[in-house]
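S.K.: Structure for this input, please:
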Amino acid sequence: MDLKSNHTVPVLTDQSTLGVHNSLLPYSPRGAAFSSNLLLTIPRKKTGVLDDIRSSSWLDAMKSSSPPHKKINKDIHNEFASADVDLAYRTWLLKYPSALTSFEQITNFAKGKRIALFLDYDGTLSPIVDDPDRALMSNDMRLAVKNVAKYFPTAIISGRSRDKVYEFVGLTELYYAGSHGMDIVGPVRESTYVDHPNSIRSTDKQGKEVILFQPASEFLPMIEEVFTSLVESTKDIEGAKVENNKFCVSVHYRNVDEKSWTTVAQRVHDVMKRYKRLRLTHGRKVLEVRPVINWDKGKAVLFLLESLGLSNRNDVLPIYVGDDKTDEDAFKVLRERKCGYGFLVTSAPKESNAYFSLRDPSEVMEFLKSLVMWKKSSAV
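M.R.: Below you'll find the model as predicted:
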């Protein structure tokens, strides 16, 4: 595949290799500044956000957001089923090509640009595990992230609380955003949020000046109240676990018998119906309670780009790597602004706003290592 430059807009001359139409390839349009006056508008809550628990749609949503783990097949019937799955995945790869097999094309486009790297945590840097408190990244992955942060501005944007994800990662070279981007620490630099009422100037452990931005700070008492109520209402459901992620609450049902999923949903609904300014979303075997504000992982990416002094520039290539529905907000921002790439981490075909894919955290680590090697070789 050849990428030919026409001023600043790349032209794809062979779409067959990459699987991405040239009109969707990213570039940095001028005048695409993110308007900060959109930050804290609270949208009107729609009726029917929470479906009737007795309807099948609610349970279907829980199942569809929780794909089963791929099991080892031991008989001929399952081998045929596995072949069908593999064929479906290979077909899907035509639309969302592997970032590993497309690495040369990606780095060819990245020449002369500054890559900014944004990473989800669970399912991206660490495997999905039964106990969310045991979602630990490997030492090899930690080293890969540490190394990539030496060459590229790197941030982790997670649904976990910022303190929890920092505890898991333990690297001071990164920037962290927790609670789906509602709790961010970034550099001050050119940020328009320095004097925002939800911003606090501070210094990090290395003595660098940083900005702490928490657009949902007014919701903290409400979130604490909901967390306490959900713990109480689900305490008799075996396997249910409620996690306080500071600005959102996660109700994990991964270890709950599927026959009791409706009970979990009903208990959560009974609590949620008292809080009209909170909404419920689905993750991978998790229900998440979040404030109803116009803020998500996509907005967090734009916030960090601005804080890093990297917004409104034609020589910046943001890359976001994530595996869950909440990461789609970041993929969508990069796609709509045509300014970067989203990488979806999945071994099962699914529709996405991402451009490329990686199968699992091991492939994420391989990509990070390859990125460092490419940067080192290009600097020689």
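S.K.: Other residues contacting the helix or strand encompassing residue 377?
M.R.: Assigned by DSSP states H and E, residue 377 falls within helix 361-379. Judged by CB atoms under 8 Å, 6 or more residues apart in numbering, the contacts made with helix 361-379 from elsewhere in the structure are 98-100, 103, 107, 111, 115, 117, 119, 123-127, 137, 140-141, 144-145, 147-148, 150-152, 321, 343, 345, 358. C-beta here means a position set from N, CA and C on the backbone, and glycine is covered the same way.
S.K.: now swap in stretch 212-231 and tell me
M.R.: The contact list for stretch 212-231 (CB under 8 Å, 6+ apart) reads 39-40, 179, 182-186, 193, 196, 198-202, 242, 244, 246-249, 251, 267-268, 271-272, 275, 277-278, 289, 291, 293, 295, 303.
S.K.: Just the buried ones among the contacts of helix 361-379, please.
M.R.: 98-100, 103, 107, 115, 117, 119, 123-127, 137, 141, 144-145, 147-148, 151-152, 321, 343, 345, 358 (16 or more other CB atoms under 10 Å).
S.K.: Cross the residues you listed against helices and list the overlap.
M.R.: 103, 107, 141, 144-145, 147-148, 151 (DSSP state H).
S.K.: Low-confidence stretches in the stretch 51-200 of the chain?
M.R.: Counting by pLDDT under 70, the low-confidence segments of the stretch 51-200 of the chain come to 51-61, 63-84, 189-195.
S.K.: The same query, at a cut-off of 90, please.
M.R.: Along the stretch 51-200 of the chain, the parts satisfying pLDDT under 90 run over 51-87, 128-130, 132-133, 186-200.
S.K.: quick one, helices of it?
M.R.: In the stretch 51-200 of the chain, helices defined by DSSP state H, counting those that start in this stretch lie at 56-64, 76-93, 103-110, 139-151, 162-169, listed in chain order.
S.K.: The fourth one packs against which elements?
M.R.: Packed against helix 139-151, as judged by 3 or more CB pairs under 8 Å, 6 or more residues apart in numbering; DSSP states H and E, are the following elements: strand 114-119, helix 361-379.
S.K.: and residue 234, which of these is closest to it?
M.R.: Taking CB to CB, helix 361-379 is the member of the helices and strands packed on helix 139-151 nearest to residue 234, at 28.9 Å.
S.K.: If you average the pLDDT over that closest one, what comes out?
M.R.: Mean pLDDT, helix 361-379: 95.
S.K.: Begin at 30 from now on, thanks
M.R.: Yep, numbering from 30; the last one is helix 390-408 now.
S.K.: how far out from the middle of the chain is it?
M.R.: The chain centroid and the centroid of helix 390-408 are separated by 20 Å, computed with CA atoms, centre = their mean, to the nearest Å.
S.K.: Would you mark the buried spots in it?
M.R.: By neighbour count on 16+ other CB under 10 Å, the buried set for helix 390-408 is 390, 392-397, 399-401, 403-404.
S.K.: How about stretch 355-371?
M.R.: Of all the residues in stretch 355-371, those buried under the rule 16+ other CB under 10 Å are 355-364, 366, 368-371.
S.K.: Would you list the phi and psi of residue 160?
M.R.: phi -100, psi 110 (degrees, to the nearest 10).
S.K.: For it, give me its contacts.
M.R.: 270, 284.
S.K.: does residue 155 really touch residue 164, like I thought?
M.R.: Yes: between residue 155 and residue 164 there is a contact under CB atoms under 8 Å: 4.7 Å.
S.K.: can you list residues touching both of the two?
M.R.: Between them, residue 155 and residue 164 share these contacting residues under CB under 8 Å, 6+ apart: residue 197.
S.K.: Kind regards, and thank you for your time.
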